[in-house]
Structure formats: C-alpha cells, structure tokens
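Engineer: Sequence and predicted model, in that order:
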Amino acid sequence: MKQSQCDRIIKYINDYGSITTLQAFSDLGCTRLASRIHDLRKQGYNFKIEVVTGKNRYGEPVRYNRYSM
C-alpha cells in the first residue's frame with residue numbers, strides 16, 4: 001500500500017527530528033509542506049515551529065520554518 005505524504009512527513013520527523021520545506025521537496029517529493037502540516041494538525045498532531053534564518057544562493061538573508069513534534 002502506498003504511503004500518503006502525511007504519513008511520510010510523520011515518519012521523516014520521527015526518523016530525523018524535524019523537517020523543512022526543502023527537505024520535504026528533496027527527500028519526499030512534497031511541494032506543499034505547510035498544507036500537509038495543516039492537514040496533520042486537523043488530525044490531532046501538534047508541531048513546534050522554529051523560524052530559521054539562512055542565506056539563499058545569492059547570499060541574501062532568508063527565513064523558513066523547521067517543523068518538529
């Protein structure tokens with residue numbers, strides 16, 4: 001049976017501790033992580049959100065969310 005994106009996200013967080021949008025896209029093929037997190041919250045999961053600051057390929061500052069449980 002094929003796993004849903006939500007199932008894969010929960011497994012990823014359990015295995016690695018957290019997930020970002022880039023990791024969800026690269027490792028799971030999920031292009032809308034925030035939407036899946038919303039779906040999972042409706043199912044009763046609770047997430048911690050850490051706002052991370054980094055730099056993009058042009059050296060400009062960017063912010064993104066890291067989700068954990």
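Structural biologist: Sure, I can see it.

Engineer: as a whole number, average confidence for stretch 6-16?
Structural biologist: Averaged across stretch 6-16, the pLDDT comes to 98.

Engineer: and it, which residues are buried?
Structural biologist: Across stretch 6-16, burial judged by 16 or more other C-beta atoms under 10 Å covers 8-10, 12-13. Yep, even glycine has a C-beta here, placed from its N, CA and C like the rest.

Engineer: And the strands in the chain, which stretches?
Structural biologist: Assigned by DSSP state E, the strands in the chain fall at 19-20, 48-55, 61-68.

Engineer: how about stretch 18-27: buried residues?
Structural biologist: 18-21, 23-24.

Engineer: got CSV for the residues you listed, with distance to G59 too?
Structural biologist: As requested, the buried residues of stretch 18-27 are exported to CSV (distance: C-beta to C-beta, whole Å):
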residue, distance to G59
S18, 25
I19, 25
T20, 19
T21, 20
Q23, 22
A24, 24
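
Engineer: Among the residues you listed, which one lies nearest to Q43?
Structural biologist: Closest approach between the buried residues of stretch 18-27 and Q43, by C-beta to C-beta: I19, at 16.3 Å.

Engineer: What spatial separation is found between the closest one and Y58?
Structural biologist: Using C-beta to C-beta, to the nearest Å, one obtains 25 Å as the distance from I19 to Y58.

Engineer: Relative to K48, which of the buried residues of stretch 6-16 is nearest.
Structural biologist: K48 has its nearest neighbour among the buried residues of stretch 6-16 in I13, at 10.2 Å by C-beta to C-beta.

Engineer: quick one: contacts for the closest one?
Structural biologist: 19, 67-69 (C-beta atoms under 8 Å, 6 or more residues apart in numbering).

Engineer: let's go with 10 Å and repeat that
Structural biologist: Shown in contact with I13 (C-beta atoms under 10 Å, 6 or more residues apart in numbering): 19, 40, 45, 47, 67-69.
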